[in-house]
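Asks: What follows is a protein structure lacking sequence information:
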């Protein structure tokens, strides 16, 4: 199958031949291989896994959301606002940023944009922490 994986500021893969992509879909995680039925899916914050043709360990990225579009011709386009290589995630930074977002959420006025933004940050950092084995509450 062919993978195109794009961020607004960077193309991670363009026309890459891969064996499978495991997508953190909003309706549930699913795998895409060659000849997959066409599908459009919203992504939730989670781990996107790319399994290369050589069959080695999956390449993992944390994504905060985005969209996946699988075409009839075994091409999948993934677009996300950001992606972090799994190995580059620092658990201490994730915990610190989560606590900062939690504090911002607690001090923001109900119904404000600041409160909504802090809630989104908390959800993303909680998902990122879960991906690396940290429980954030």
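Replies: Okay, I see it. Remember, predicted model here, so these are calculated numbers, not experimental data.
Asks: so who does residue 43 touch?
Replies: Contact analysis of residue 43 by Cβ atoms under 8 Å, 6 or more residues apart in numbering lists 23-26, 63, 65-68, 78, 80. C-betas here are computed from N, CA, C, even on glycine.
Asks: Narrow the residues you listed to those that are buried.
Replies: Applying 16 or more other Cβ atoms under 10 Å to these, the neighbour count classes 23-25, 63, 65-66, 68, 78, 80 as buried.
Asks: For this structure, which segments count as strands?
Replies: Applying DSSP state E to the chain gives strands spanning 2-7, 10-25, 28-32, 39-43, 46-52, 59-63, 66-70, 75-79, 84-85.
Asks: follow-up on the earlier one: of all the contacts of residue 43, which comes closest to residue 135?
Replies: Of all these, residue 24 has the smallest distance to residue 135: 18.4 Å, by Cβ to Cβ.
Asks: Report how many residues lie close to the residue lying closest to the closest one once chain neighbours are set aside.
Replies: Using Cβ to Cβ, 6 or more residues apart in numbering and skipping the chain neighbours, the partner closest in space to residue 24 is residue 46 (2.9 Å). By other Cβ atoms under 10 Å, the residues close to residue 46 number 21.
Asks: Could you shift the numbering so residue one becomes 125, and keep it that way?
Replies: Taking 125 as the first residue, the last one we looked at is residue 170.
Asks: what about residue 170, distance to residue 207?
Replies: As judged by Cβ to Cβ, to the nearest Å, residue 170 and residue 207 stand 11 Å apart.
Asks: and if you look at residue 129?
Replies: Separation of residue 129 from residue 207 (Cβ to Cβ): 8 Å.
Asks: hang on, the earlier thing: pick the one among the contacts of residue 167 closest to residue 227.
Replies: Comparing the contacts of residue 167 against residue 227 with Cβ to Cβ places residue 189 closest, at 23.1 Å.
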